[in-house]
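# Quick one: sequence and predicted model below, then my questions.
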Amino acid sequence: MDLPEGFHKEVIEARENVLSNTTESKVSTSPLKPGGANFKTNVLIQASPSKLTYKPSIGAALFSFIFLAVGLGVLFYALFPLFQSHIESVSIPWFLILFGLIFSGAGGFMFYLFYKPRVFDKQQGLYYTTYAFKGHQSKRKLSKDYLSLQSIIAIQIIGEHVKSDDGSYKSFELNLVLEDASRRNVVDHGNLKAIINDAEMLSEFLNIPIWHASSMNSF
């Protein structure tokens, strides 16, 4: 099967030449997004022969749902007496209302983050992270949600030791390295095996190498 436009042998060889000229000082090996979840948040799947996309993991979906459900449940419990007409005066439980708003807001925000599209599309020649895909190229250039696949020269994996009040754990980033030596984070979670599998899928899909932070000295 022929490679889509922009992914032919000449382009791949040109990228390899770019990689050979990329020095260690240009590409940072420090974590791009400090922190990260201690569980697998997203799963990379092949939606079609020309498209890879991230979906939220079962754990991430359940985690978000628990926060949202608890928050909405507390809000319902706190506000329900206010709608009973036979009660003449009811003290407003502001603490419960605030608690419910915080938990439901956090759950909704996590749903937004975990379900936010992360799509590698060879037909469009783009990596995009937006709910509303813009068809006009001029509008894409004004948005940080779109990235040309041809500008990606490597996949970077970085591990980080995260400390919190509840203990410590390891989190791992999967970043895209761009031609200008800048980076774009894709996912950041605690399942190293999943991160490596994702990196291998993307490396084969985009015909680019994988850079482990510990081995960056060789580049």
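Looks like it came in fine.
# any idea of the pLDDT on residue 35?
On pLDDT, residue 35 comes in at 80.
# what's the answer for the one 3 residues further on, then?
At residue 38 the predicted local distance difference test score is 85.
# now the host helix or strand of residue 100, how far from the centre of its chain.
Element membership of residue 100 [criterion: DSSP states H and E] is helix 94-115. Centroid separation between helix 94-115 and its chain, computed with Cα atoms, centre = their mean, to the nearest Å, is 20 Å.
# the strands in this structure, which residues?
Ranges of strands within the chain are 42-48, 51-56, 119-121, 126-128, 146-148, 152-164, 167-178, 183-189, 210-212, based on DSSP state E.
# among those, which is nearest residue 29?
Among the strands of the chain, the nearest to residue 29 by Cβ to Cβ is strand 152-164 (6.8 Å). All C-beta spots, glycine's among them, are computed from the backbone N, C-alpha and C.
# ok and the closest one relative to strand 183-189, angle-wise?
Relative orientation of strand 152-164 versus strand 183-189 (axes from the mean of the first three to the mean of the last three Cα atoms, to 10 degrees): 50 degrees.
# So, low pLDDT: which residues of this protein?
Residue ranges of the chain with pLDDT under 70: 1-25, 84-90, 134-142, 166, 213-219.
# try 50 this time
1-18, 20-24, 215-219 (pLDDT under 50).
# From the recorded domain assignment, give the ranges for it.
Here the domain parsing of the chain from automatic domain parsing is 9-55+118-211, 62-111.
# sorry, back to before: which residues sit against the helix holding residue 100?
Residues outside helix 94-115 that contact it (Cβ atoms under 8 Å, 6 or more residues apart in numbering): 41-42, 56, 60-61, 63-79.
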